[in-house]
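Participant: Dropping the sequence and predicted coords here.
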Amino acid sequence: MPSPYGGGIYSYISLIHFEYFHIESTMKSVEQTFSSSLTADPIDNNQSRQVAEAHYSFVTPEFTENPLLVHSSAEMHKELGMDAMSAVEFLEIVSGNGKLQGQQPYAMAYGGHQFGHWAGQLGDGRAINIGELHGKTTDWALQLKGAGRTPYSRTADGYAVLRSSIREYLCSEAMFHLGVPTTRALSIIETNRDVLRDVLYNGNPAYEKGAVVCRVAPSFIRFGSFELFASRSDKKNLQKLVSYSAKKLGLDLTFDHKQDYLTFFEHILNSTVDLIVAWQRVGFVHGVMNTDNLSIHGVTIDYGPYGWLEEYDPNWTPNTTDAQNRRYRFGNQPGIAFWNLVRLANALYPLINETEGLQNVLSTFEPTFEKKYQQMMGEKLGLFEEDKHDESLVDDLTNILTKSKVDMTLFFRRLSGFNPEEIKDYLTVIEQDSYLDKAAFDAHTSEWERWLLAYSERLSSETTTKEERMAKMNKVNPKYVLRNYMAQEAIDAANEGNYSLVDELFSILKSPYSEQEDKEKWFVKRPSWADHKVGCSMLSCSS
Ligand code: AMP
Ligand code: MG
């Protein structure tokens, strides 16, 4: 059997043991559909530049001497048919030192609106697609993040640091197991490269360990991919990208009628709604919802300064860079998703030359979101029968959660244990364990009593038994989420060469809805030592 990757450069590790010559790999490379269907940049070098009339540029990942595997996902190995592959061969591929058979690495061109402003050409400045594989469930594109410069790097270095790579690696797998649509992660390696970053953006840059995450998605096409071609009035390449994207979305469209464009747009709108509902369910705040960070597949992409709501606060953003305007705050995520969809509609407009249809599709956003949001909140509360009063029950709850600064994850997870006969006792439960601010909580106990009374009355009209309700609620209210301080503890240890916490968190977060009694120490509000520690609550974009 020929080696499944073509003549890449061998790192020292290839010399140790060529066991893959004896193993039948089940990995199936496919024809590289992105690069064969779309337009290549004719210039072949990694020099930063504007790339006109092309969807991508061929690039070469930077060679990594002695790459070190920090962690890899056995589940993704299996999905990609890489489970039989030797460690040596695997490391070659996920470090960018070797190539997947018949596939040529490339970086994609895209543009985007950043913080509300058109930013022009952005593109994969530090992400390199290494190819596509037939997985067990679907076809996947594989991408290395942090493997060096590309024509889209502008003045930046093309690298990623271990800190932000661990955050992306752990979080994307955690999100998948939470049932939130997301890009997946196959592996994380250390590169032995020192990377200069100013973590606090306060003029104190320091060297950090470099890393590369191999992430995996059906494609890495973003809203901003379309915006780039629309902004340049490049209708030919815009059309090509739309046709290709539709195929990737599994849509059978020929685009010889306007309706096909609307169907395409509607599909993206609906999956974006589902994504935001899922984020709001688990209290995830993306932090940088620029149009270049929204996937056409409705999956979470580009894990930067994200975070989870701890004390419930719709105004909270984890992103220090956005602390002033809070554009990307928790409560604004649905509105921003809509704003981004309007940008996408604008980018598709040149192909249709008619606003009405696009506007009609856009007008479905709010009612669709509201319906799905209310249904999701009902499920979190264990309310499965329809009741027109539930909307105000939900609103009242989110109001007192905010006012009394209760930890979102702890509160909802515990709620399945609520006994309608014991309202006073339940208040003690919330007070003892879940609140983050005693004074704030104490000021609202009578409101809590009122709400719990209304809730227990509402529960009495449900036909589900207490046990059924508890089981259902525990499937939508996670017990374990990757709070920033948890990730930071894993990062601190990893920076000292100890990856055991990366492994422990990875394994806990694979079953976020299970009790895992020996892991209770992670089912707590953020410890006070972490309140002001860098990386434990808010973060900058530095990565
Ligand atoms: P992000 O904020 O991570 O979504 O990145 C926004 C844009 O900046 C994208 O075009 C990235 O590829 C690019 N970028 C971010 N960090 C780097 C880096 N270290 N080197 C090159 N490009 C980068
Ligand atoms: Mg991005």
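Facilitator: On my side now, so go ahead. Ligands and ions are numbered 1, 2, ... in the order given.

Participant: Taking this structure, what residue is nearest to ligand 2?
Facilitator: Using CB to the ion, Asp302 is the residue of the chain that sits closest to ligand 2, at 3.8 Å. Every residue, glycine included, has its C-beta placed from N, CA and C.

Participant: I figured that residue was touching Thr291, is that so?
Facilitator: No - in this structure Asp302 lies outside contact range of Thr291 using CB atoms under 8 Å: 11.4 Å.

Participant: just to revisit the earlier point, contacting residues for the residue of the chain closest to ligand 2?
Facilitator: Applying CB atoms under 8 Å, 6 or more residues apart in numbering to Asp302 gives the contacts 288, 292-293.

Participant: for the helix or strand of the chain with the lowest mean pLDDT, packing partners?
Facilitator: Here the helix or strand of the chain ranked lowest by mean pLDDT, DSSP states H and E is strand 28-29, holding a mean of 74. The contact analysis (3 or more CB pairs under 8 Å, 6 or more residues apart in numbering; DSSP states H and E) places strand 28-29 against strand 127-134.

Participant: gap between the strand it packs on and the chain center?
Facilitator: Counting by CA atoms, centre = their mean, to the nearest Å, strand 127-134 is centred 18 Å from the centre of its parent chain.

Participant: go on, stretch 347-361?
Facilitator: On CA atoms, centre = their mean, the centre of stretch 347-361 falls 28 Å from that of its chain.

Participant: Would you mark the buried spots in it?
Facilitator: Buried residues in stretch 347-361, counted by 16 or more other CB atoms under 10 Å: 347-348, 351-352, 357-358, 361.

Participant: Stretch 97-114 too?
Facilitator: Buried-residue list, stretch 97-114, by 16+ other CB under 10 Å: 97-100, 103-114.

Participant: Please flag which of the residues you listed sit within strands.
Facilitator: 106-108, 111-114 (DSSP state E).

Participant: From what I see, Leu38 and Gln32 are in contact.
Facilitator: No - taking contacts as CB under 8 Å, Leu38 lies outside contact range of Gln32: 10.2 Å.

Participant: Can you mark which positions in the longest helix belonging to the chain are buried?
Facilitator: Counting by DSSP state H, the longest helix found in the chain is helix 258-282. Neighbour counts over helix 258-282 (16+ other CB under 10 Å) mark 260-282 as buried.

Participant: restrict those residues to those near ligand 2?
Facilitator: Checking the buried residues of helix 258-282 against ligand 2 by CB under 5 Å from the ion, not one of them is in range.

Participant: between the buried residues of stretch 347-361, which is nearest Gly131?
Facilitator: Ala347 (27.2 Å; CB to CB).

Participant: Wasn't that closest one part of a helix?
Facilitator: Yes - under DSSP: H, G, I helix; E, B strand; the rest coil, Ala347 sits within a helix.

Participant: Return the residues in contact with it.
Facilitator: Counting by CB under 8 Å, 6+ apart, Ala347 has contacts 223, 226-227, 229-231, 238.

Participant: Test my guess that Phe265 contacts Leu351.
Facilitator: No - using CB under 8 Å, Phe265 is not in contact with Leu351; the gap is 10.4 Å.

Participant: ok so, going back, just say helix, strand or coil for the residue of the chain closest to ligand 2.
Facilitator: coil.

Participant: Now do it, the pLDDT please.
Facilitator: According to the prediction, Asp302 has pLDDT 98.

Participant: swap in His22?
Facilitator: 36.

Participant: likewise Ser461?
Facilitator: pLDDT, Ser461: 94.

Participant: Gly8 now?
Facilitator: Reading off the model, Gly8 has pLDDT 29.

Participant: Near ligand 1, which residues of the stretch 101-250 of the chain are found?
Facilitator: 122-126, 152-153, 156-159 (CB under 6 Å from any ligand atom).

Participant: And the residues you listed, which of them are buried?
Facilitator: Using 16+ other CB under 10 Å, the buried ones in those are 122-126, 152-153, 157-159.

Participant: Quick check: of those, which lies closest to Ala443?
Facilitator: Leu122 (46.0 Å).

Participant: thought that closest one was touching Thr150?
Facilitator: No - the pair Leu122 and Thr150 does not pass the contact test of CB under 8 Å, sitting 11.2 Å apart.

Participant: Determine the three-state secondary structure at Thr191.
Facilitator: Per three-state DSSP, Thr191 ends up strand.

Participant: Now for it, how many residues are close by?
Facilitator: 26 (other CB atoms under 10 Å).

Participant: And Asp387, by the same measure?
Facilitator: Neighbour number of Asp387 under other CB under 10 Å is 13.

Participant: give me the element it is part of.
Facilitator: For Asp387, there is no helix or strand it lies in under DSSP states H and E.

Participant: what's it sitting at in phi/psi?
Facilitator: Per-residue torsions, Asp387: phi -150, psi 130 (degrees, to the nearest 10).

Participant: so how far is Asp124 from the residue of the stretch 201-350 of the chain found nearest ligand 1?
Facilitator: Relative to ligand 1, the nearest point of the stretch 201-350 of the chain is Asp302 (4.6 Å; CB to the nearest ligand atom). The spacing between Asp302 and Asp124, counted by CB to CB, to the nearest Å, is 11 Å.

Participant: do Ser514 as well
Facilitator: Distance from Ser514 to Asp124, by CB to CB: 37 Å.

Participant: and the contacts of Ala347 as JSON lines, adding neighbour count and pLDDT?
Facilitator: Listed next are the contacts of Ala347 as JSON lines, based on neighbours: other CB atoms under 10 Å; pLDDT from 0 to 100:
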{"residue": "Phe223", "neighbour count": "25", "pLDDT": "98"}
{"residue": "Phe226", "neighbour count": "28", "pLDDT": "98"}
{"residue": "Glu227", "neighbour count": "27", "pLDDT": "98"}
{"residue": "Phe229", "neighbour count": "27", "pLDDT": "98"}
{"residue": "Ala230", "neighbour count": "20", "pLDDT": "98"}
{"residue": "Ser231", "neighbour count": "16", "pLDDT": "98"}
{"residue": "Leu238", "neighbour count": "22", "pLDDT": "98"}
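
Participant: Sort out which of the residues you listed are in helices and list them.
Facilitator: 223, 226-227, 229-231, 238.

Participant: Can you give me the neighbour number for the closest residue to Met175 other than its chain neighbours?
Facilitator: With sequence-adjacent residues excluded and distances taken as CB to CB, 6 or more residues apart in numbering, Met175 is closest to Thr182, at 4.0 Å. When neighbours are defined as other CB under 10 Å, Thr182 has 26 of them.

Participant: quick one: Thr182 and Ser172 touch, right?
Facilitator: Yes - counting by CB under 8 Å, Thr182 touches Ser172, with 5.1 Å between them.
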